[in-house]
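Colleague: how would this look folded up:
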Amino acid sequence: PLILAAHCGHLKIVQWLITTKKSSFAAEKTKWGASALAVAARQGHVEIVRWLVASEHHNPQLDKDHGGVTPLLRAAEGGALNVVQWLLEQNYSNARTETDDMQLTALLRAAAHADGEQQRAVVVWLLTHGYSDSSEHDWHYNNFRHYWHAIADVPIPEIHIGHQQIQACRTLPAYPHMPVPCDAGADAATLPAQVRAH
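Modeller: Next up, the predicted model:
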């Protein structure tokens, strides 16, 4: 019941199950090993995430499922920008050091689901706010461009980071970690609305 309540965003039920019922509810997991915190994080239920972390029932960086996926990584792949922002801005997670068993960071997991506008917003936010680096790669040296181009039907928008600029580059299939020189930048309209607002 705790996992279902977390998935549906029912904060009061989550609180009741943990505080008034058996303490074993706090340790409830899905068959993949995901905790209530991870489930709430992926669905973008930031109020539940805040309460679970504040009540010390979960440590976000140590809370991993069977694939080594943390709540931050779940939030990134789910496009839950509000949860990603809260976990990082409150220093409960680290976007550069937290990886799953395939060495995918929050940036890479979001890019791997870049067919969704919310996931693209997470990619852009992580890069523009300095929480991630465009050079991050998995154990096969695939970077975020590789994942983005493999799934998304829109180009990578121009992203300005200080004096650096990441353009709509592509990668060679044989060398996915080596970007091909960029052509003209993408139109600003390709930026998700919530990112353009920042």
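
Colleague: let's see whichever strand or helix holds V124 as CSV, backbone CA atoms only.
Modeller: V124 belongs to helix 117-128 when assigned by DSSP states H and E. Written as CSV, here are the backbone C-alpha positions of helix 117-128 (Å, rounded to 0.1, in the frame of the first residue of the first chain):
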residue,chain,number,x,y,z
GLU,A,117,9.4,17.4,-23.3
GLN,A,118,9.8,17.1,-19.6
GLN,A,119,12.9,14.9,-19.9
ARG,A,120,14.4,17.4,-22.3
ALA,A,121,13.7,20.2,-19.8
VAL,A,122,15.7,18.2,-17.2
VAL,A,123,18.6,17.8,-19.6
VAL,A,124,18.7,21.5,-20.3
TRP,A,125,18.3,22.5,-16.7
LEU,A,126,21.1,20.2,-15.5
LEU,A,127,23.5,21.6,-18.0
THR,A,128,22.7,25.2,-17.7
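
Colleague: what is the subsequent helix or strand relative to it?
Modeller: helix 144-151.

Colleague: buried sites along that next one?
Modeller: Of all the residues in helix 144-151, those buried under the rule 16 or more other Cβ atoms under 10 Å are F144, R145, H146, Y147, W148, H149. Just so you know, the C-beta spots here come from the backbone N, C-alpha and C atoms, and that holds for glycine as well.

Colleague: now stretch 4-14
Modeller: Buried-residue list, stretch 4-14, by 16+ other Cβ under 10 Å: A5, A6, H7, H10, L11, I13, V14.
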